[in-house]
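Novice: predicted model and sequence follow; I will ask about them next.
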Amino acid sequence: MSKILINNKDINKLFNTEINSLNFSGCSLDSRNIKKNNIFFAYKGKKNDGNKFIAQAKNNGAILAFVEKKNPRVKIFQIVVKNTHLALIKLAKHARLKSVANIIAITGSVGKTSTKDALTHTLNQDDNIFSAQKSFNNIFGVPLEILNMPKNTKIAIFEIGMNHSGEITRLIKILRPHIGVVLNVSYVHGGNFDNEKQIADAKAEIINKDYPLQTLILNKDNKYYNKLKNKANKNKIINILTYSKQTKANFTLSKLSLNKTKYLVEVKFQNLKKINYTVNSINDYLVGNSMAILACLKATGVNIARIKKLSSLMLTEGRGNIITTKLLDKNIQIHNHSYNSSPASMVASLEIFLNISKKQNLIIVGDMNELGSKTNYYHLKLLKLLKQNKNNIYLLVGKILYKYKQMNLLSNTFFYRDTNVLINDLKNHLYYDNNIFIKGSNSINLQKVVNHLIKPIEN
């Protein structure tokens with residue numbers, strides 16, 4: 001059992017309690033995910049009230065619960081607070097001050113999780129690396145993962161997300177990272193923003209004068225690079241590492257070639273030396289993100305030759321992983337981008353797929369959510385892109401796309417209200433030599449389509 005940063009004395013001091021002889025192994029907000037010796041935070045949300053699941057948490061191994069309403073029938077130590085979320089943040093801030101880890105915070109509109117996972121992969125030879133799980137990148141997930149960080153962590157990798165102004169500022173105050181990474185800026189989670197510039201301002205909150213970074217890593221190909229660099233200079237961040245596929249930077253792409261399903265990459269480091277490595281993907285945005293990983297290795301004092309481990313990286317499910325399966329007695333490829341979608345990532349991944357698969361393909365596309373006032377603009381732009389590639393079969397799913405059914409913009413195009421209806425009709429669109437591309441916002445649940453495809457389908 002890994003020892004986490006907080007103990008009985010910390011909790012007693014912060015919450016005026018008298019807890020003795022408890023050793024904590026981690027924390028959770030979900031009673032179903034509780035493990036032995038965990039702390040349970042019984043948060044009352046819009047849909048579920050965690051206070052109703054204290055017994056389940058105990059049965060799954062919890063030894064302490066922060067609650068807003070005590071349940072006397074459950075024999076577990078319960079600390080009653082006005083707001084369990086604020087208690088979680090309070091405890092996480094205290095834990096962070098105790099940590100001696102070198103903390104990396106990764107933000108950007110596209111690729112945060114895949115970059116975090118890839119960086120973790122390059123570092124896993126070291127025993128004391130911690131990586132926040134899944135996409136735990138908001139005001140609940142970040143403090144929770146701070147509390148789950150083992151006491152002896154040397155390097156900790158977090159991702160920082162946001163969907164409104166001020167959110168990253170709140171997270172930086174809790175996490176206090178040493179190294180900040182801004183991968184890119186595009187119109188993602190735009191529902192609370194009027195334009196892309198406002199999103200850039202929100203991403204720039206990672207540069208905070210009250211909690212200054214030791215190192216800032218910036219993508220020079222990002223059109224908001226100068227804006228971010230100027231803020232960094234104004235806040236006296238001395239160590240800025242840059243990377244670029246197009247222009248001179250600390251890490252500059254010097255050669256790139258595609259070999260079947262892998263990119264062969266050569267990067268020049270500060271004009272001093274070159275390093276060659278393989279990116280196990282056809283998604284060229286990962287090439288840029290791999291240079292951000294090189295900069296992270298440099299900033300943490302790790303040998304940048306570790307980047308060579310990317311050749312063995314398996315992409316996280318739903319983030320561009322390629323599945324080869326047998327369909328109707330024919331080997332086909334499923335390009336699985338089902339985890340999430342945005343205008344920038346949709347166009348980039350779809351264009352790459354069409355460039356390498358010249359046959360008639362099956363393209364399954366779901367709604368792109370959280371685009372606010374730009375929703376119609378970006379979906380119509382997507383339909384125009386699809387119209388340029390008339391040889392494919394298009395299955396479009398979701399409430400947003402479905403409303404364009406009567407516009408007759410495309411041939412060989414079929415519209416579905418939801419994923420279940422699409423699945424019921426799917427076998428009518430499968431042919432012997434189709435390669436399949438799947439992408440949409442997570443709420444559309446296109447992973448369900450992927451799971452259906454990799455199972456035997458009746459003729």
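Specialist: Structure received.

Novice: show me what K262 is bridged to.
Specialist: For K262, the beta-bridge partners are N259 (DSSP bridges).

Novice: just the pLDDT at the nearest residue to G166 once chain neighbours are set aside, thanks.
Specialist: Closest residue to G166 apart from its sequence neighbours, by C-beta to C-beta, 6 or more residues apart in numbering: E205 at 7.3 Å. (Each C-beta comes from the backbone N, C-alpha and C, glycine too.) pLDDT for E205: 97.

Novice: residues near E205, how many?
Specialist: Look at E205: counted by other C-beta atoms under 10 Å, it has 19 neighbours.

Novice: how much space between it and L97?
Specialist: Per C-beta to C-beta, to the nearest Å, E205 is found 21 Å from L97.

Novice: what helix or strand is the residue nearest in space to the middle of the chain located in?
Specialist: Of all residues in the chain, the one closest to the mean position by C-alpha atoms, centre = their mean is T113, 2.8 Å from it. Element membership for T113 (DSSP states H and E) is helix 112-123.

Novice: that helix packs against which elements?
Specialist: In terms of contacts (3 or more C-beta pairs under 8 Å, 6 or more residues apart in numbering; DSSP states H and E), helix 112-123 is packed against strand 102-107, strand 129-131, strand 155-159, helix 285-299.

Novice: for the stretch 51-200 of the chain, give me the ranges with low pLDDT.
Specialist: The stretch 51-200 of the chain contains residues with pLDDT under 70 at 126, 189-191.

Novice: what about the strands in it?
Specialist: Using DSSP state E, counting those that start in this stretch, the strands found in the stretch 51-200 of the chain span residues 64-67, 77-80, 102-107, 129-131, 155-159, 179-182.

Novice: any chance you could map the helices in the stretch 351-459 of the chain?
Specialist: 375-387, 399-402, 419-425, 447-453 (DSSP state H, counting those that start in this stretch).

Novice: do the stretch 151-300 of the chain as well
Specialist: 167-175, 196-203, 225-234, 285-299.

Novice: K455: which of those helices is closest?
Specialist: helix 285-299 (28.5 Å; C-beta to C-beta).

Novice: and the angle from the closest one to strand 102-107?
Specialist: 160 degrees (axes from the mean of the first three to the mean of the last three C-alpha atoms, to 10 degrees).

Novice: per-domain residue ranges of the chain.
Specialist: Following automatic domain parsing, one finds the domains of the chain at 8-82, 99-312, 321-453.

Novice: ends of the first one, how far apart?
Specialist: Yep, that's domain 8-82 we're talking about. End-to-end distance for domain 8-82, by C-alpha to C-alpha, to the nearest Å: 20 Å.

Novice: gap between stretch 164-180 and the chain center?
Specialist: Centroid separation for stretch 164-180 versus its chain: 16 Å, with C-alpha atoms, centre = their mean, to the nearest Å.

Novice: buried sites along that stretch?
Specialist: Going by neighbour count (16 or more other C-beta atoms under 10 Å), the buried part of stretch 164-180 is 167-168, 170-172, 174-180.

Novice: distance between the ends of that stretch?
Specialist: 19 Å.

Novice: with stretch 214-223 instead?
Specialist: Rule used - C-alpha to C-alpha; the end-to-end distance of stretch 214-223 is 23 Å.

Novice: among the helices and strands packed on helix 112-123, which is nearest D49?
Specialist: Using C-beta to C-beta, the nearest of these to D49 is strand 155-159, at 28.1 Å.

Novice: please name every helix or strand in contact with the closest one.
Specialist: Using 3+ C-beta pairs under 8 Å, 6+ apart, strand 155-159 sits against strand 102-107, helix 112-123, strand 129-131.

Novice: list the strands paired with the first one, with their directions.
Specialist: According to DSSP bridges, the neighbouring strands of strand 102-107, each with its direction, are strand 155-159 (parallel), strand 179-182 (parallel).

Novice: as TSV, those with distance to F353 would be great.
Specialist: Shown next, in TSV, are the strands paired with strand 102-107 (distance: least, C-beta to C-beta, whole Å):
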stretch	distance to F353
strand 155-159	25
strand 179-182	27
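
Novice: out of those strands, deepest packed?
Specialist: strand 179-182 (a mean of 27; mean count of other C-beta atoms under 10 Å).

Novice: and the contacts of that strand?
Specialist: Strand 179-182 is contacted by residues 102-108, 115, 203-204, 206-207, 213-219, 222, 228, 292, 295-296, 299-300 when judged by C-beta atoms under 8 Å, 6 or more residues apart in numbering.

Novice: which among those residues count as buried?
Specialist: For the contacts of strand 179-182, buried by 16+ other C-beta under 10 Å: 102-108, 115, 203-204, 206-207, 213, 215-219, 222, 228, 292, 295-296, 299-300.

Novice: before we move on, the earlier item: turn the helices and strands packed on strand 155-159 into JSON lines, including distance to A305.
Specialist: Below are these laid out as JSON lines (distance: least, C-beta to C-beta, whole Å):
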{"stretch": "strand 102-107", "distance to A305": "19"}
{"stretch": "helix 112-123", "distance to A305": "10"}
{"stretch": "strand 129-131", "distance to A305": "17"}
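
Novice: so which of these is nearest I323?
Specialist: helix 112-123 (16.4 Å).

Novice: what's the angle between the closest one and strand 102-107?
Specialist: 150 degrees.
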